[in-house]
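K.L.:
Provide a 3D model corresponding to the input given below.
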Amino acid sequence: MTVLTLAGCSGRAASTADSSPSASASSASQADFGTLKNVCGSGTPKAVTGTGVTTADIKVGVFTDLGFTKNPEFVNAAKVFTSWCNDAGGINGRKLVPVTHDSKLFQVAQQMLVACKSDFALVGGGSALDSLGTKDRLKCLLPDFPAQVVQIPNVGSDLQAYPLGPALGYAPYAGYYSWLTKEKYPSSASSVGIISGDSPAITATRAEGKETLAALGAKISYDDLYPAAGVSDWTPYAQKIKSKKVKGLIFNGSFSELAKLEQVLTSIGYKLDWIDANSNAYGPAFLQLAAGSLASQNNYAALPAVYPVEEAADNPATEQVVKLYAKYAPDAQVTLPAVQAFSAWLLFAESARSCSELTRKCVLDSAAKQTAWTAGGLQAPADLSSNTSPRTCFNVVQATAKGWTVADFKPDNGAYRCNIAAYKFKASYGKPLTLADVGKTIADLK
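P.N.:
Numbering: from 1, shown residues only. Next up, the predicted model:
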(Lines give C-alpha, C1' and ligand atoms only; values in the text may rest on other atoms or scores of the structure.)
Protein backbone atom coordinates (compact mmCIF):
# COMPACT_ATOMS: atom_id res chain seq x y z
CA MET A 1 0.00 0.00 0.00
CA THR A 2 2.26 2.75 -1.02
CA VAL A 3 2.44 6.00 -2.77
CA LEU A 4 3.72 8.35 -5.35
CA THR A 5 3.06 11.69 -6.86
CA LEU A 6 1.98 13.27 -9.98
CA ALA A 7 4.91 13.59 -12.21
CA GLY A 8 8.38 13.73 -12.69
CA CYS A 9 11.34 15.59 -13.49
CA SER A 10 13.62 16.83 -10.87
CA GLY A 11 11.31 19.03 -8.92
CA ARG A 12 13.46 20.93 -6.44
CA ALA A 13 16.56 20.79 -8.62
CA ALA A 14 14.61 22.69 -11.27
CA SER A 15 13.74 25.43 -8.81
CA THR A 16 17.41 25.87 -8.03
CA ALA A 17 18.09 26.69 -11.67
CA ASP A 18 15.12 29.02 -11.95
CA SER A 19 13.97 30.81 -8.81
CA SER A 20 10.99 32.51 -10.43
CA PRO A 21 7.67 32.11 -8.57
CA SER A 22 6.13 30.03 -11.36
CA ALA A 23 9.09 27.64 -11.47
CA SER A 24 9.06 27.27 -7.68
CA ALA A 25 5.32 26.50 -7.62
CA SER A 26 5.74 23.91 -10.35
CA SER A 27 8.60 22.26 -8.48
CA ALA A 28 6.63 22.07 -5.25
CA SER A 29 3.66 20.42 -6.96
CA GLN A 30 5.92 17.74 -8.42
CA ALA A 31 7.14 16.84 -4.92
CA ASP A 32 3.63 16.70 -3.39
CA PHE A 33 1.29 13.75 -3.14
CA GLY A 34 -2.34 14.43 -2.32
CA THR A 35 -2.37 16.33 0.94
CA LEU A 36 1.29 15.50 1.65
CA LYS A 37 3.76 18.24 0.79
CA ASN A 38 7.33 17.90 -0.46
CA VAL A 39 7.43 14.15 -0.03
CA CYS A 40 10.68 13.85 -1.99
CA GLY A 41 13.33 16.37 -2.88
CA SER A 42 16.98 17.33 -3.07
CA GLY A 43 19.34 17.93 -0.19
CA THR A 44 22.86 17.43 1.13
CA PRO A 45 22.88 14.13 3.03
CA LYS A 46 25.16 13.68 6.01
CA ALA A 47 27.70 10.87 5.96
CA VAL A 48 26.36 7.76 7.70
CA THR A 49 27.54 4.26 8.44
CA GLY A 50 24.83 1.65 8.23
CA THR A 51 23.52 -1.20 6.16
CA GLY A 52 21.89 -0.11 2.93
CA VAL A 53 22.46 3.64 3.19
CA THR A 54 25.18 5.95 1.87
CA THR A 55 25.32 9.64 1.07
CA ALA A 56 24.17 8.76 -2.45
CA ASP A 57 21.37 6.25 -2.04
CA ILE A 58 19.11 4.11 0.14
CA LYS A 59 18.65 0.43 -0.67
CA VAL A 60 15.14 -0.74 0.16
CA GLY A 61 13.97 -4.35 -0.14
CA VAL A 62 10.69 -5.30 -1.80
CA PHE A 63 9.33 -8.75 -0.98
CA THR A 64 7.12 -10.51 -3.51
CA ASP A 65 5.91 -14.00 -4.39
CA LEU A 66 6.32 -13.13 -8.07
CA GLY A 67 8.04 -16.42 -8.92
CA PHE A 68 4.96 -18.29 -7.65
CA THR A 69 2.05 -15.97 -8.41
CA LYS A 70 3.46 -14.38 -11.60
CA ASN A 71 1.97 -11.15 -10.22
CA PRO A 72 4.40 -8.19 -10.37
CA GLU A 73 2.22 -5.62 -8.58
CA PHE A 74 4.65 -4.93 -5.71
CA VAL A 75 7.59 -4.74 -8.11
CA ASN A 76 5.65 -2.35 -10.35
CA ALA A 77 4.63 -0.17 -7.40
CA ALA A 78 8.29 0.06 -6.33
CA LYS A 79 9.32 1.04 -9.85
CA VAL A 80 6.68 3.75 -10.11
CA PHE A 81 7.22 5.25 -6.68
CA THR A 82 11.02 5.26 -6.72
CA SER A 83 11.11 6.63 -10.27
CA TRP A 84 8.87 9.51 -9.27
CA CYS A 85 10.65 10.16 -5.99
CA ASN A 86 14.12 10.04 -7.56
CA ASP A 87 13.01 12.40 -10.34
CA ALA A 88 11.90 14.80 -7.62
CA GLY A 89 15.32 14.63 -5.90
CA GLY A 90 15.05 11.48 -3.78
CA ILE A 91 14.88 11.47 0.01
CA ASN A 92 16.72 14.66 0.98
CA GLY A 93 19.03 14.05 -1.96
CA ARG A 94 19.48 10.31 -1.60
CA LYS A 95 18.18 8.12 -4.43
CA LEU A 96 15.93 5.20 -3.60
CA VAL A 97 17.22 1.88 -4.93
CA PRO A 98 14.54 -0.87 -4.80
CA VAL A 99 15.88 -4.41 -4.42
CA THR A 100 13.43 -7.19 -5.35
CA HIS A 101 13.35 -10.25 -3.08
CA ASP A 102 11.34 -12.98 -4.80
CA SER A 103 10.33 -15.38 -2.04
CA LYS A 104 8.43 -17.62 -4.48
CA LEU A 105 6.01 -18.46 -1.66
CA PHE A 106 8.31 -20.77 0.34
CA GLN A 107 11.68 -18.97 0.18
CA VAL A 108 10.88 -16.13 2.57
CA ALA A 109 13.59 -17.03 5.09
CA GLN A 110 16.29 -17.33 2.43
CA GLN A 111 15.41 -13.98 0.91
CA MET A 112 15.23 -12.34 4.32
CA LEU A 113 18.83 -13.32 5.00
CA VAL A 114 19.80 -11.65 1.72
CA ALA A 115 17.84 -8.52 2.67
CA CYS A 116 19.53 -8.39 6.07
CA LYS A 117 22.91 -8.06 4.39
CA SER A 118 21.99 -5.34 1.89
CA ASP A 119 18.88 -3.32 2.77
CA PHE A 120 18.24 -0.31 4.98
CA ALA A 121 14.56 -1.26 5.27
CA LEU A 122 11.83 -3.32 3.62
CA VAL A 123 9.13 -1.26 1.91
CA GLY A 124 5.94 -1.86 -0.07
CA GLY A 125 6.00 -5.64 -0.37
CA GLY A 126 4.64 -8.82 1.10
CA SER A 127 4.64 -12.60 0.97
CA ALA A 128 1.82 -15.06 1.72
CA LEU A 129 3.97 -16.98 4.20
CA ASP A 130 5.55 -13.85 5.63
CA SER A 131 6.10 -15.22 9.14
CA LEU A 132 8.83 -17.50 7.80
CA GLY A 133 11.16 -14.51 7.71
CA THR A 134 10.08 -12.52 10.76
CA LYS A 135 12.62 -13.93 13.22
CA ASP A 136 15.52 -13.31 10.86
CA ARG A 137 14.26 -9.78 10.19
CA LEU A 138 14.17 -9.02 13.89
CA LYS A 139 17.56 -10.57 14.49
CA CYS A 140 19.16 -8.21 11.98
CA LEU A 141 17.03 -5.26 13.18
CA LEU A 142 15.54 -4.63 9.74
CA PRO A 143 12.58 -2.20 9.65
CA ASP A 144 9.50 -3.27 7.67
CA PHE A 145 6.96 -0.99 5.95
CA PRO A 146 4.82 -3.71 4.31
CA ALA A 147 2.06 -3.38 1.74
CA GLN A 148 0.39 -6.42 3.22
CA VAL A 149 0.76 -8.62 6.29
CA VAL A 150 -0.68 -12.13 6.44
CA GLN A 151 0.39 -14.51 9.19
CA ILE A 152 -0.14 -13.90 12.89
CA PRO A 153 3.56 -13.96 13.95
CA ASN A 154 4.28 -11.19 11.45
CA VAL A 155 1.19 -9.02 11.83
CA GLY A 156 2.14 -6.17 14.17
CA SER A 157 5.57 -7.63 14.89
CA ASP A 158 8.30 -5.39 16.24
CA LEU A 159 10.14 -2.95 13.94
CA GLN A 160 7.14 -2.90 11.62
CA ALA A 161 5.10 0.09 10.41
CA TYR A 162 1.99 -1.17 8.60
CA PRO A 163 0.19 1.79 7.01
CA LEU A 164 -3.31 0.40 7.56
CA GLY A 165 -2.63 -0.36 11.22
CA PRO A 166 -2.45 -4.00 12.40
CA ALA A 167 -5.33 -3.57 14.90
CA LEU A 168 -4.08 -6.49 16.95
CA GLY A 169 -6.81 -8.46 18.68
CA TYR A 170 -9.70 -6.97 16.68
CA ALA A 171 -11.83 -8.57 13.97
CA PRO A 172 -10.95 -6.82 10.70
CA TYR A 173 -14.27 -7.61 9.00
CA ALA A 174 -16.78 -7.15 11.81
CA GLY A 175 -18.40 -4.11 10.21
CA TYR A 176 -18.53 -5.75 6.79
CA TYR A 177 -20.10 -8.99 8.04
CA SER A 178 -22.52 -7.04 10.20
CA TRP A 179 -23.68 -5.10 7.14
CA LEU A 180 -24.13 -8.30 5.11
CA THR A 181 -25.96 -10.34 7.74
CA LYS A 182 -27.91 -7.67 9.60
CA GLU A 183 -28.68 -4.99 7.03
CA LYS A 184 -28.29 -6.02 3.41
CA TYR A 185 -29.37 -9.67 3.69
CA PRO A 186 -30.70 -10.23 7.24
CA SER A 187 -32.24 -13.61 6.41
CA SER A 188 -28.79 -14.91 5.42
CA ALA A 189 -27.65 -14.91 9.05
CA SER A 190 -29.44 -18.23 9.56
CA SER A 191 -27.15 -20.08 7.15
CA VAL A 192 -23.64 -18.86 6.39
CA GLY A 193 -20.98 -21.06 4.82
CA ILE A 194 -17.19 -20.84 4.86
CA ILE A 195 -14.93 -22.57 2.38
CA SER A 196 -11.17 -22.14 2.65
CA GLY A 197 -8.02 -23.26 0.92
CA ASP A 198 -6.16 -25.82 3.01
CA SER A 199 -3.12 -23.64 3.61
CA PRO A 200 -1.34 -22.37 6.73
CA ALA A 201 -1.71 -18.84 5.35
CA ILE A 202 -5.48 -19.11 5.77
CA THR A 203 -5.83 -21.10 9.00
CA ALA A 204 -6.09 -18.10 11.31
CA THR A 205 -8.32 -16.15 8.91
CA ARG A 206 -10.77 -19.04 8.86
CA ALA A 207 -10.91 -19.29 12.65
CA GLU A 208 -11.24 -15.54 13.11
CA GLY A 209 -14.09 -15.42 10.61
CA LYS A 210 -15.99 -18.13 12.46
CA GLU A 211 -15.70 -16.30 15.78
CA THR A 212 -16.71 -12.99 14.23
CA LEU A 213 -19.83 -14.45 12.60
CA ALA A 214 -20.86 -16.21 15.80
CA ALA A 215 -20.46 -12.97 17.75
CA LEU A 216 -22.73 -11.24 15.24
CA GLY A 217 -25.40 -13.89 15.74
CA ALA A 218 -24.90 -15.67 12.42
CA LYS A 219 -25.16 -19.45 12.19
CA ILE A 220 -22.47 -21.34 10.30
CA SER A 221 -24.19 -24.19 8.48
CA TYR A 222 -21.28 -25.23 6.27
CA ASP A 223 -17.53 -25.16 6.89
CA ASP A 224 -15.21 -26.90 4.45
CA LEU A 225 -11.67 -27.00 3.09
CA TYR A 226 -10.46 -27.47 -0.46
CA PRO A 227 -6.96 -28.46 -1.67
CA ALA A 228 -4.83 -25.34 -1.90
CA ALA A 229 -3.43 -26.52 -5.23
CA GLY A 230 -6.92 -26.33 -6.74
CA VAL A 231 -9.96 -28.46 -7.50
CA SER A 232 -10.61 -30.25 -10.80
CA ASP A 233 -14.36 -30.56 -10.22
CA TRP A 234 -16.25 -28.23 -7.90
CA THR A 235 -19.55 -30.06 -8.30
CA PRO A 236 -19.40 -31.92 -4.93
CA TYR A 237 -18.76 -28.66 -3.10
CA ALA A 238 -21.58 -26.88 -4.94
CA GLN A 239 -23.97 -29.73 -4.13
CA LYS A 240 -23.05 -29.52 -0.43
CA ILE A 241 -23.64 -25.76 -0.43
CA LYS A 242 -27.04 -26.33 -2.03
CA SER A 243 -28.00 -29.19 0.31
CA LYS A 244 -27.08 -27.10 3.36
CA LYS A 245 -29.15 -24.22 1.96
CA VAL A 246 -26.27 -21.81 2.42
CA LYS A 247 -27.37 -18.21 1.91
CA GLY A 248 -24.11 -16.37 2.39
CA LEU A 249 -20.68 -17.77 1.53
CA ILE A 250 -17.23 -16.62 2.66
CA PHE A 251 -14.51 -17.82 0.29
CA ASN A 252 -10.94 -17.82 1.62
CA GLY A 253 -8.69 -18.73 -1.26
CA SER A 254 -7.77 -18.16 -4.88
CA PHE A 255 -10.31 -16.14 -6.84
CA SER A 256 -9.69 -18.39 -9.85
CA GLU A 257 -11.03 -21.32 -7.83
CA LEU A 258 -13.98 -19.23 -6.64
CA ALA A 259 -14.85 -18.45 -10.27
CA LYS A 260 -14.94 -22.19 -11.01
CA LEU A 261 -17.17 -22.85 -8.01
CA GLU A 262 -19.57 -20.09 -9.03
CA GLN A 263 -19.81 -21.51 -12.55
CA VAL A 264 -21.00 -24.81 -11.08
CA LEU A 265 -23.38 -23.13 -8.62
CA THR A 266 -24.91 -21.16 -11.46
CA SER A 267 -25.16 -24.23 -13.71
CA ILE A 268 -27.10 -26.17 -11.06
CA GLY A 269 -29.41 -23.20 -10.56
CA TYR A 270 -28.38 -22.30 -7.04
CA LYS A 271 -28.05 -18.62 -6.14
CA LEU A 272 -26.80 -17.41 -2.78
CA ASP A 273 -27.78 -14.09 -1.24
CA TRP A 274 -24.13 -13.07 -1.17
CA ILE A 275 -20.59 -14.32 -1.66
CA ASP A 276 -17.61 -12.73 0.06
CA ALA A 277 -15.05 -13.01 -2.73
CA ASN A 278 -12.52 -11.18 -0.49
CA SER A 279 -10.26 -8.38 -1.61
CA ASN A 280 -7.91 -10.75 -3.47
CA ALA A 281 -10.61 -10.96 -6.15
CA TYR A 282 -10.82 -7.18 -6.50
CA GLY A 283 -9.42 -6.67 -9.98
CA PRO A 284 -10.16 -7.31 -13.67
CA ALA A 285 -8.96 -10.94 -13.65
CA PHE A 286 -11.82 -12.18 -11.47
CA LEU A 287 -14.36 -10.31 -13.59
CA GLN A 288 -13.13 -12.15 -16.66
CA LEU A 289 -13.01 -15.57 -15.01
CA ALA A 290 -16.44 -15.23 -13.36
CA ALA A 291 -18.13 -13.43 -16.26
CA GLY A 292 -20.74 -16.16 -16.73
CA SER A 293 -21.83 -15.99 -13.08
CA LEU A 294 -21.71 -12.31 -12.19
CA ALA A 295 -25.31 -11.72 -13.21
CA SER A 296 -26.47 -14.64 -11.05
CA GLN A 297 -24.30 -14.37 -7.94
CA ASN A 298 -23.81 -11.33 -5.70
CA ASN A 299 -20.07 -11.01 -5.17
CA TYR A 300 -18.75 -8.52 -2.62
CA ALA A 301 -15.32 -7.61 -1.28
CA ALA A 302 -14.47 -5.51 1.75
CA LEU A 303 -11.63 -3.09 1.11
CA PRO A 304 -9.34 -2.16 4.02
CA ALA A 305 -10.65 1.42 3.94
CA VAL A 306 -8.69 2.18 0.76
CA TYR A 307 -10.31 4.37 -1.88
CA PRO A 308 -11.59 2.28 -4.83
CA VAL A 309 -9.44 2.45 -7.95
CA GLU A 310 -12.53 2.62 -10.18
CA GLU A 311 -13.51 5.90 -8.52
CA ALA A 312 -10.07 7.48 -8.98
CA ALA A 313 -11.47 10.48 -10.82
CA ASP A 314 -13.32 11.46 -7.63
CA ASN A 315 -10.26 11.28 -5.36
CA PRO A 316 -7.15 13.36 -6.18
CA ALA A 317 -4.70 11.02 -4.42
CA THR A 318 -5.95 7.90 -6.21
CA GLU A 319 -6.04 9.75 -9.50
CA GLN A 320 -2.42 10.75 -8.90
CA VAL A 321 -1.43 7.09 -8.58
CA VAL A 322 -3.17 6.32 -11.87
CA LYS A 323 -1.31 9.14 -13.59
CA LEU A 324 2.01 8.04 -12.15
CA TYR A 325 1.45 4.54 -13.48
CA ALA A 326 0.63 5.98 -16.88
CA LYS A 327 3.97 7.80 -16.83
CA TYR A 328 6.33 5.25 -15.30
CA ALA A 329 4.67 1.85 -15.90
CA PRO A 330 2.01 2.29 -18.58
CA ASP A 331 1.52 -1.45 -19.11
CA ALA A 332 1.01 -2.22 -15.40
CA GLN A 333 -2.34 -2.43 -13.60
CA VAL A 334 -3.19 -0.28 -10.61
CA THR A 335 -4.51 -2.85 -8.15
CA LEU A 336 -5.58 -2.69 -4.51
CA PRO A 337 -2.25 -4.18 -3.31
CA ALA A 338 -0.47 -1.63 -5.49
CA VAL A 339 -2.32 1.23 -3.80
CA GLN A 340 -1.51 -0.31 -0.41
CA ALA A 341 2.12 -0.48 -1.51
CA PHE A 342 1.97 3.22 -2.38
CA SER A 343 0.75 3.97 1.13
CA ALA A 344 3.69 2.05 2.57
CA TRP A 345 6.18 3.84 0.29
CA LEU A 346 4.71 7.19 1.24
CA LEU A 347 4.91 6.37 4.93
CA PHE A 348 8.56 5.40 4.57
CA ALA A 349 9.40 8.49 2.50
CA GLU A 350 7.66 10.85 4.93
CA SER A 351 9.36 9.20 7.90
CA ALA A 352 12.83 9.16 6.30
CA ARG A 353 12.51 12.77 5.09
CA SER A 354 11.91 13.95 8.65
CA CYS A 355 15.22 12.51 9.87
CA SER A 356 18.13 14.95 9.89
CA GLU A 357 20.31 11.88 10.45
CA LEU A 358 18.93 8.89 8.58
CA THR A 359 18.84 5.93 10.95
CA ARG A 360 16.52 2.95 11.25
CA LYS A 361 15.43 4.08 14.69
CA CYS A 362 14.55 7.57 13.50
CA VAL A 363 12.51 6.25 10.57
CA LEU A 364 10.48 3.88 12.75
CA ASP A 365 10.00 6.48 15.49
CA SER A 366 8.72 8.98 12.92
CA ALA A 367 6.24 6.49 11.48
CA ALA A 368 4.90 5.74 14.95
CA LYS A 369 3.96 9.40 15.39
CA GLN A 370 1.24 9.12 12.72
CA THR A 371 -2.10 9.01 14.51
CA ALA A 372 -4.28 9.60 11.45
CA TRP A 373 -2.30 8.34 8.46
CA THR A 374 -4.19 8.68 5.16
CA ALA A 375 -1.29 8.46 2.67
CA GLY A 376 -2.28 11.85 1.32
CA GLY A 377 -5.87 10.70 0.78
CA LEU A 378 -5.47 7.11 -0.46
CA GLN A 379 -7.12 5.58 2.61
CA ALA A 380 -9.21 6.30 5.69
CA PRO A 381 -7.22 7.55 8.71
CA ALA A 382 -5.20 4.91 10.56
CA ASP A 383 -3.63 5.32 13.99
CA LEU A 384 -0.08 3.96 13.71
CA SER A 385 0.95 5.01 17.20
CA SER A 386 -0.44 1.79 18.69
CA ASN A 387 -0.60 -1.75 17.30
CA THR A 388 -3.81 -2.33 19.21
CA SER A 389 -5.85 0.59 17.87
CA PRO A 390 -8.98 -0.88 16.20
CA ARG A 391 -9.84 0.10 12.65
CA THR A 392 -12.90 2.31 12.57
CA CYS A 393 -13.76 2.44 8.86
CA PHE A 394 -14.49 0.08 5.99
CA ASN A 395 -15.81 0.16 2.45
CA VAL A 396 -17.30 -2.43 0.10
CA VAL A 397 -17.24 -3.06 -3.63
CA GLN A 398 -19.39 -5.39 -5.70
CA ALA A 399 -18.49 -7.39 -8.80
CA THR A 400 -21.07 -6.97 -11.54
CA ALA A 401 -21.31 -7.78 -15.23
CA LYS A 402 -20.38 -4.13 -15.85
CA GLY A 403 -17.31 -4.26 -13.60
CA TRP A 404 -16.46 -3.54 -9.98
CA THR A 405 -18.73 -0.90 -8.47
CA VAL A 406 -19.14 0.64 -5.02
CA ALA A 407 -21.76 -1.32 -3.08
CA ASP A 408 -24.67 0.31 -1.29
CA PHE A 409 -23.14 -0.10 2.16
CA LYS A 410 -24.32 3.28 3.53
CA PRO A 411 -21.03 5.21 3.82
CA ASP A 412 -21.16 7.94 6.44
CA ASN A 413 -17.72 9.53 6.04
CA GLY A 414 -16.98 10.25 2.41
CA ALA A 415 -16.20 6.95 0.70
CA TYR A 416 -16.14 5.04 3.99
CA ARG A 417 -18.40 3.83 6.73
CA CYS A 418 -16.77 4.68 10.03
CA ASN A 419 -17.39 4.66 13.74
CA ILE A 420 -18.33 0.99 13.56
CA ALA A 421 -18.50 -1.09 16.71
CA ALA A 422 -15.17 -2.88 17.03
CA TYR A 423 -15.20 -6.55 17.99
CA LYS A 424 -12.32 -7.82 20.09
CA PHE A 425 -11.56 -11.49 19.76
CA LYS A 426 -12.23 -13.65 22.79
CA ALA A 427 -10.00 -16.48 21.59
CA SER A 428 -6.26 -16.21 21.09
CA TYR A 429 -4.96 -16.85 17.60
CA GLY A 430 -1.32 -16.35 18.43
CA LYS A 431 0.76 -13.24 18.89
CA PRO A 432 3.27 -11.27 16.87
CA LEU A 433 6.98 -11.86 17.30
CA THR A 434 8.94 -9.37 19.34
CA LEU A 435 12.58 -8.41 19.69
CA ALA A 436 12.63 -10.29 22.99
CA ASP A 437 11.77 -13.49 21.13
CA VAL A 438 15.12 -13.27 19.31
CA GLY A 439 17.17 -12.04 22.25
CA LYS A 440 17.13 -8.37 21.26
CA THR A 441 15.80 -5.14 22.76
CA ILE A 442 14.83 -1.80 21.27
CA ALA A 443 18.13 -0.43 22.64
CA ASP A 444 19.89 -2.52 20.00
CA LEU A 445 18.24 -0.50 17.22
CA LYS A 446 20.39 2.35 15.97
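K.L.:
pLDDT weak spots in this structure?
P.N.:
For the chain, the stretches flagged by pLDDT under 70 are 1-29.
K.L.:
tell me the domain boundaries of it?
P.N.:
What automatic domain parsing lists as the domains of the chain is 1-165+316-383, 174-303+392-418.
K.L.:
packed most tightly, which of those domains would that be?
P.N.:
Each of the domains of the chain was scored by mean neighbour count; the highest is domain 1-165+316-383, a mean of 21, by mean count of other Cβ atoms under 10 Å. Quick note: C-beta positions are derived from backbone N, CA and C, even for glycine.
K.L.:
that one: how far from the chain's middle?
P.N.:
What separates the centre of domain 1-165+316-383 from the centre of its chain is 13 Å, taken as Cα atoms, centre = their mean, to the nearest Å.
K.L.:
so what's the nearest residue to Ala174 once chain neighbours are set aside up against?
P.N.:
Nearest residue to Ala174 in three dimensions, chain neighbours excluded: Tyr423, at 4.0 Å (Cβ to Cβ, 6 or more residues apart in numbering). By Cβ atoms under 8 Å, 6 or more residues apart in numbering, the contact list for Tyr423 reads Tyr170, Ala171, Ala174, Thr212, Ala215, Leu216.
K.L.:
would TSV of those residues with secondary structure be doable?
P.N.:
Output for the contacts of Tyr423, formatted as TSV (DSSP: H, G, I helix; E, B strand; the rest coil):
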residue	secondary structure
Tyr170	strand
Ala171	coil
Ala174	helix
Thr212	helix
Ala215	helix
Leu216	coil
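K.L.:
and the residue nearest to Ala174, how far is that from Tyr416?
P.N.:
18 Å (Cβ to Cβ, to the nearest Å).
K.L.:
and the longest helix seen in the chain, what does it pack onto?
P.N.:
Assignment by DSSP state H gives helix 336-353 as the longest helix of the chain. When contacts are defined as 3 or more Cβ pairs under 8 Å, 6 or more residues apart in numbering; DSSP states H and E, helix 336-353 sits against helix 73-87, strand 121-123, strand 144-145, helix 316-328, helix 360-367.
K.L.:
and the longest one with helix 316-328, angle?
P.N.:
Just to be clear, that refers to helix 73-87. Orientation check (axes from the mean of the first three to the mean of the last three Cα atoms, to 10 degrees): helix 73-87 against helix 316-328 gives 90 degrees.
K.L.:
circling back: Val192 is nearest to which of the helices and strands packed on helix 336-353?
P.N.:
helix 73-87 (30.7 Å; Cβ to Cβ).
K.L.:
check which helices and strands that closest one sits against.
P.N.:
Helix 73-87 packs on strand 57-64, strand 95-102, helix 316-328, helix 336-353, going by 3+ Cβ pairs under 8 Å, 6+ apart.
K.L.:
redo the helices and strands packed on helix 336-353 as JSON lines? Include distance to Ala115.
P.N.:
Below are the helices and strands packed on helix 336-353 laid out as JSON lines (distance: least, Cβ to Cβ, whole Å):
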{"stretch": "helix 73-87", "distance to Ala115": "14"}
{"stretch": "strand 121-123", "distance to Ala115": "6"}
{"stretch": "strand 144-145", "distance to Ala115": "10"}
{"stretch": "helix 316-328", "distance to Ala115": "24"}
{"stretch": "helix 360-367", "distance to Ala115": "13"}
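K.L.:
nearest to Asp65, of these?
P.N.:
Across the helices and strands packed on helix 336-353, Asp65 has its closest neighbour in helix 73-87 (8.8 Å, Cβ to Cβ).
K.L.:
pull the number of nearby residues for Thr434.
P.N.:
By the criterion of other Cβ atoms under 10 Å, Thr434 has 17 neighbours.
K.L.:
secondary structure element for the residue lying closest to it once chain neighbours are set aside?
P.N.:
Once flanking residues are discounted, Thr434 sits nearest to Asp158: 4.9 Å by Cβ to Cβ, 6+ apart. For Asp158, there is no helix or strand it lies in under DSSP states H and E.
K.L.:
now the closest residue to Leu364 other than its chain neighbours: how far from Gln160?
P.N.:
In this structure, Leu364 finds its nearest non-sequential neighbour in Pro143, 5.3 Å apart by Cβ to Cβ, 6+ apart. Per Cβ to Cβ, Pro143 is found 8 Å from Gln160.
K.L.:
what of Ala305?
P.N.:
19 Å.
K.L.:
beta partners of the residue lying closest to Asn86 once chain neighbours are set aside?
P.N.:
Nearest residue to Asn86, sequence neighbours excluded (Cβ to Cβ, 6+ apart): Lys95, at 4.9 Å. Beta-bridge pairing for Lys95 (DSSP bridges): Asp57.
K.L.:
renumber starting at 17 from here on
P.N.:
Will do, 17 is the new start, and the previous item becomes Lys111.
K.L.:
now do the contacts for Lys111.
P.N.:
Ala72, Asp73, Ile74, Asn102.
K.L.:
which one among the residues you listed gets closest to Val208?
P.N.:
For these, the nearest to Val208 is Ile74 (47.2 Å; Cβ to Cβ).
K.L.:
hang on, that closest one packs against Ser367?
P.N.:
No: counting by Cβ atoms under 8 Å, Ile74 does not reach Ser367; the two are 11.9 Å apart.
K.L.:
any common contacting residues for these two?
P.N.:
Here Ile74 and Ser367 share no contacting residue, scored by Cβ under 8 Å, 6+ apart.
K.L.:
how about a markdown table for the helices and strands packed on helix 89-103, with distance to Gln304 added?
P.N.:
Output for the helices and strands packed on helix 89-103, formatted as a markdown table (distance: least, Cβ to Cβ, whole Å):
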| stretch | distance to Gln304 |
| --- | --- |
| strand 73-80 | 23 |
| strand 111-118 | 26 |
| helix 332-344 | 20 |
| helix 352-369 | 17 |
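K.L.:
quick one: closest of those to Ser204.
P.N.:
Across the helices and strands packed on helix 89-103, Ser204 has its closest neighbour in helix 352-369 (25.1 Å, Cβ to Cβ).
K.L.:
which residue ranges of the chain form helices?
P.N.:
With DSSP H as the criterion, the chain has helices at 27-33, 37-47, 82-85, 89-103, 124-134, 150-155, 190-194, 219-231, 251-259, 271-283, 300-305, 332-344, 352-369, 376-383.
K.L.:
between those helices, which gets nearest to Pro448?
P.N.:
For Pro448, the closest of these is helix 150-155, at 8.0 Å, according to Cβ to Cβ.
K.L.:
which ones are touching the closest residue to Thr98 other than its chain neighbours?
P.N.:
Nearest non-adjacent residue to Thr98, counting by Cβ to Cβ, 6+ apart: Leu112, 4.2 Å away. By Cβ under 8 Å, 6+ apart, the residues touching Leu112 are Asp73, Ile74, Val76, Phe97, Thr98, Cys101, Asn102, Gly106.
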